[in-house]
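Student: I'll drop the sequence and a predicted model, then ask my questions.
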Amino acid sequence: MGKNIKISEKIEKYINNLSLKLRPVQKEIIDYNNTLGNEKRMQLAISQCHFLHLIIKISNIKNVLEIGTFTGLSALSIALALPEDGKLTTLDKNKETSKIAVSFFKKAKQDKKIQTIVKPALDSLDELKNLKYDMVLIDADKLNYKEYYEKSIKMINKGGLIIIDNVLWHGEVVDEDKMDKFTLKIKELNEYVSSDERVEQIIIPLGDGMTVCRVL
């Protein structure tokens, strides 16, 4: 049995250098996020962007819902992978970061593929509940993760994917001394999804951990 390698910053840089190349506007978003200090943590890892690109391509995904936009790196990565007739709907309540994200979408000439809805995601999900998607990416406020998951699973086509970010929560999910509300919510969600017979799932150690669920 092979031993899992610990991904250091040096190895991660090596992986990124030999993987798919980022588009210029993706790099611009990353550069912008680097100016934001602690808020940069809300950005998807580059390896996760590449993963989303490939999963969309190989799964022939055309209609995507994203919960949590931030400054648009994940949304742009998704849009670039979608076919010309593909559609991404992205939800976020922050007007300022959403405005910045839209400016990047336009610069990358992907804005026609992307619908940005600015309001609390739970409200938007209620309004969109009768629509169906091939994939949902959940990467928003952690306290509502379980509700996002439950609402999303009803909106996914059979065989579609739900991808949840931050499920390893900086490694704190295995720290028995970590009892803060965020860690507990992530642990609760992970256990819930693991026992959910409506999906088959795997946790992938990319970035801060991603759960990939295929809806049965």
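Tutor: Looks like it arrived, so ask away. Numbers count the residues shown, from 1 in each chain.

Student: Does the most centrally placed residue in the chain belong to a helix, a strand or coil?
Tutor: With distances taken as CA atoms, centre = their mean, residue 137 lies nearest the centre of the chain, 4.3 Å away. With DSSP: H, G, I helix; E, B strand; the rest coil as the basis, residue 137 sits in strand.

Student: wouldn't it be in contact with residue 66 here?
Tutor: Yes. Counting by CB atoms under 8 Å, residue 66 is a contact partner of residue 137 at 4.6 Å. In short, each C-beta sits where N, CA and C put it, glycine included.

Student: Overlap of the contact sets of the two?
Tutor: 74, 78 (CB atoms under 8 Å, 6 or more residues apart in numbering).

Student: for the residue nearest to residue 132 when sequence neighbours are not counted, what are its contacts?
Tutor: Excluding the flanking residues, the one nearest residue 132 by CB to CB, 6 or more residues apart in numbering is residue 157, at 5.1 Å. Residues in contact with residue 157 (CB under 8 Å, 6+ apart) are 132-134, 215.

Student: Flag every buried residue along the helix or strand harbouring residue 157.
Tutor: Using DSSP states H and E, residue 157 maps to strand 156-165. For strand 156-165, a neighbour-count test (16 or more other CB atoms under 10 Å) marks 156, 160-165 as buried.

Student: can you redo those as CSV with pLDDT and distance to residue 183?
Tutor: As requested, the buried residues of strand 156-165 are exported to CSV (pLDDT from 0 to 100; distance: CB to CB, whole Å):
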residue, pLDDT, distance to residue 183
156, 97, 27
160, 97, 29
161, 98, 25
162, 98, 21
163, 98, 20
164, 98, 15
165, 97, 15
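
Student: Closest one of the residues you listed to residue 39?
Tutor: Closest to residue 39 out of those is residue 165 (15.5 Å), distances taken as CB to CB.

Student: any idea how far the helix or strand containing residue 185 is from the chain center?
Tutor: According to DSSP H and E, residue 185 maps onto helix 181-194. Centroid separation for helix 181-194 versus its chain: 17 Å, with CA atoms, centre = their mean, to the nearest Å.

Student: Next secondary structure after that helix?
Tutor: strand 199-204.

Student: Show me what the helix holding residue 185 is packed up against.
Tutor: When contacts are defined as 3 or more CB pairs under 8 Å, 6 or more residues apart in numbering; DSSP states H and E, helix 181-194 sits against helix 145-153, strand 199-204, strand 210-215.

Student: the inter-axis angle of it versus strand 210-215?
Tutor: Orientation check (axes from the mean of the first three to the mean of the last three CA atoms, to 10 degrees): helix 181-194 against strand 210-215 gives 30 degrees.

Student: Okay, the residue nearest to residue 132 and residue 22: tell me how far apart.
Tutor: Distance of residue 157 to residue 22, computed by CB to CB, to the nearest Å: 29 Å.

Student: didn't residue 155 look like it was pressed against residue 128?
Tutor: Yes. If you go by CB under 8 Å, residue 155 and residue 128 touch, sitting 6.9 Å apart.

Student: Touching both of the two, which residues are there?
Tutor: Common neighbours of residue 155 and residue 128 (CB under 8 Å, 6+ apart) are residue 65.

Student: Could I get the full set of helices for this structure?
Tutor: Along the chain, the stretches classed as helices by DSSP state H are 9-17, 24-33, 46-58, 73-81, 95-107, 121-128, 145-153, 181-194.
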